Structures are given as structure tokens and as C-alpha cells.
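Chemist: model this:
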Amino acid sequence: MDTNVVVSALRSRRGSSAAVLAESGTGRFEHCLSVALLFEYESALKRAESGIKLSPEAIDDVLDYLAATAHLQEIFFLWRPALPDPADDHVLEVAVAGGCDAIVTYNRRDFRGAERFGIRIVTPPEFLLELEDEVP
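Modeler: From the prediction side, this is the model:
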């Protein structure tokens, strides 16, 4: 999950980002996380301008949950720069190292080039539709 999905999920309990976050840890999909990505989540979620109305302690609880339910991925390689926005390269690195099928994000343009690594880029609504299609 890209940071913008997690931020969006905590801004509003309604919407596809919140639904994706709610599915994390349920076994319907596995999400990957690195230390760098977890720190990015924390930084973005705790910024005053994030629009998140949760206490720092509540945000820490969400981060702890994400860390506890994620496939924690170490990164042993760097391809930087690989994407149009170099700030997103570490998200791609986690996805490739973790063998992910997709990166869930609202910023498709920032991940142009991810297909070279076999990674699809999907929005939260698209991802939720894929999850629905997998239900027997």
C-alpha cells in the first residue's frame, strides 16, 4: 500500500482506502512493509496538515497493527531511480522484494515503470473489486 492510501483511510472511515485498510490482516491479501515504508507512513500520518483527527497514540496503534500483520520485507537491492517520482522507489522495492502482485495507490503516474518488474498498479476501488472477484 502506498502512503496515500493509508493517509486517506485514516482521514475517513468511508471510502475504498478505509475498506482496503480494514481488509489488512484478514488473510484476504498479504501486504508487505519495510522499515523505511513504515517510517514514511508514520511521518505522513502525524503531520499536522494530514487532516487526520486521531491522536498520536491511535495512529501508533494503527502503525503497530500494520507492522504486526504485514510481511516484513528487508531490502537487499536498490534500483534508484526507477520511477518518475524517486520518492516512490522504496515502495516499488518493497513490492518487488516481497513478490507482490500489485501496488495499491492513487498515484498511478508516479509508478509508471513498475510493470518492468511485474508489478501492477491499482487504485483502492480496483483492488477491492479484485478482492470481491476472488470470493468463492
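Chemist: tell me the phi and psi of residue 33?
Modeler: Per-residue torsions, residue 33: phi -150, psi 140 (degrees, to the nearest 10).
Chemist: pretty sure it contacts residue 75?
Modeler: No: taking contacts as Cβ atoms under 8 Å, residue 33 lies outside contact range of residue 75: 11.1 Å. Just so you know, the C-beta spots here come from the backbone N, C-alpha and C atoms, and that holds for glycine as well.
Chemist: between the two, who's got more neighbours?
Modeler: residue 33 (21 against 15; other Cβ atoms under 10 Å).
Chemist: residues in contact with that one?
Modeler: For residue 33, the contact set (Cβ atoms under 8 Å, 6 or more residues apart in numbering) comprises 66-67, 70-73, 94.
Chemist: ok so, going back, between residue 33 and residue 75, what contacts are shared?
Modeler: By Cβ under 8 Å, 6+ apart, residue 33 and residue 75 have these common neighbours: residue 94.
Chemist: neighbouring contacts of stretch 54-63?
Modeler: 6, 10, 21, 38, 41-42, 45-46, 52.
Chemist: Can you show me the helices along the protein?
Modeler: 3-11, 16-23, 35-46, 56-69, 89-97, 124-134 (DSSP state H).
Chemist: nearest to residue 82, of those?
Modeler: Closest approach to residue 82 among the helices of the chain is made by helix 89-97 (5.5 Å; Cβ to Cβ).
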